[in-house]
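1. okay, structure incoming, though there's no sequence with it:
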């Protein structure tokens, strides 16, 4: 697809103004659109089949960017995107979220694989009965959330179930830290995480709370079964009492004693690695 003849040079341009509004979570949710910057993310989104109504290219290397995206997209070299707009180099530098802008900004529609406020009922648990599931409560740092999504994809976790007060999945930092895995990872946002845990247990699964509770078992000291799930909590405060009570088991990661805790994303990666091994046995 060829880009338009026009080169936008003003930040007051209506299209640019609408793009900048997507930095606000409320506007993203009302429009069902989000933005992200960079060639890799753009290529990953196109290859994942995301609907991209708008693509902004820096005037100075617009043709090269289009050629690179087409080359990376084996499924559809023609680039099935909506409108392609060129921006003046100076304007692009001012509105890009990258420290060293590569020359592309995407606007994409919300992702089908991310289900907002899933209804937790028998049909939901029947749908996910064979999935490898990890749950997150109140992970509020978008970079941590994105890193966890990336690790989940790498470990083969089929679905993340996240509480509604986790960081916005479409925050630019979340998208960037996920390194494109957000575009394909199954994620369910739920209002009542304890109810989701109860449903998982009723379906026959064990659910472990990642906590330093006195009765928690050390990771590696017990056998993990196929179907076991783990719940990872807030960066500073861990899991809420209600969520811990909803779980049937508790697990902690042994440490040397020279640090009080792990970063949430690191803890999640360690736990997912151990829990995913049960699927390979």
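-> That came in fine, so what should we check first? Model, not experiment: these values are computed from the prediction.
2. which residue ranges of the stretch 51-200 of the chain form helices?
-> For the stretch 51-200 of the chain, the helices defined by DSSP state H, counting those that start in this stretch occupy 62-72, 89-95, 122-127, 142-155, 172-178, 193-202.
3. quick one: closest of these to residue 236.
-> Among these, helix 142-155 comes nearest to residue 236, with 11.1 Å by CB to CB. Placement of C-beta: from N, CA and C, glycine included.
4. other SSEs contacting that closest one?
-> Under the contact criterion of 3 or more CB pairs under 8 Å, 6 or more residues apart in numbering; DSSP states H and E, helix 142-155 touches strand 133-136, strand 159-163, helix 172-178, helix 264-277.
5. residue 54: which of these is closest?
-> helix 172-178 (15.7 Å).
6. averaged pLDDT, the closest one. What do you get?
-> The average pLDDT for helix 172-178 rounds to 96.
7. buried ones in that helix?
-> Within helix 172-178, the residues that count as buried by 16 or more other CB atoms under 10 Å are 172-178.
8. how about residues contacting it?
-> Helix 172-178 is contacted by residues 23, 34-38, 41, 97, 142-147, 149-150, 167-168, 182, 185 when judged by CB atoms under 8 Å, 6 or more residues apart in numbering.
9. and the buried residues of helix 172-178 as a markdown table, adding distance to residue 47?
-> Shown next, in a markdown table, are those (distance: CB to CB, whole Å):
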| residue | distance to residue 47 |
| --- | --- |
| 172 | 20 |
| 173 | 22 |
| 174 | 19 |
| 175 | 15 |
| 176 | 17 |
| 177 | 19 |
| 178 | 15 |
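10. distance of the spatially most central residue of the chain from residue 271?
-> The residue lying closest to the centre of the chain (CA atoms, centre = their mean) is residue 182, at 4.0 Å. Plainly put, residue 182 is 20 Å away from residue 271 if you go by CB to CB, to the nearest Å.
11. do residue 37 as well
-> With CB to CB as the criterion, residue 37 and residue 271 are 31 Å apart.
12. again, but for residue 171
-> Remark: distance between residue 171 and residue 271 (CB to CB) = 23 Å.
13. that concludes my questions; thank you for your assistance.
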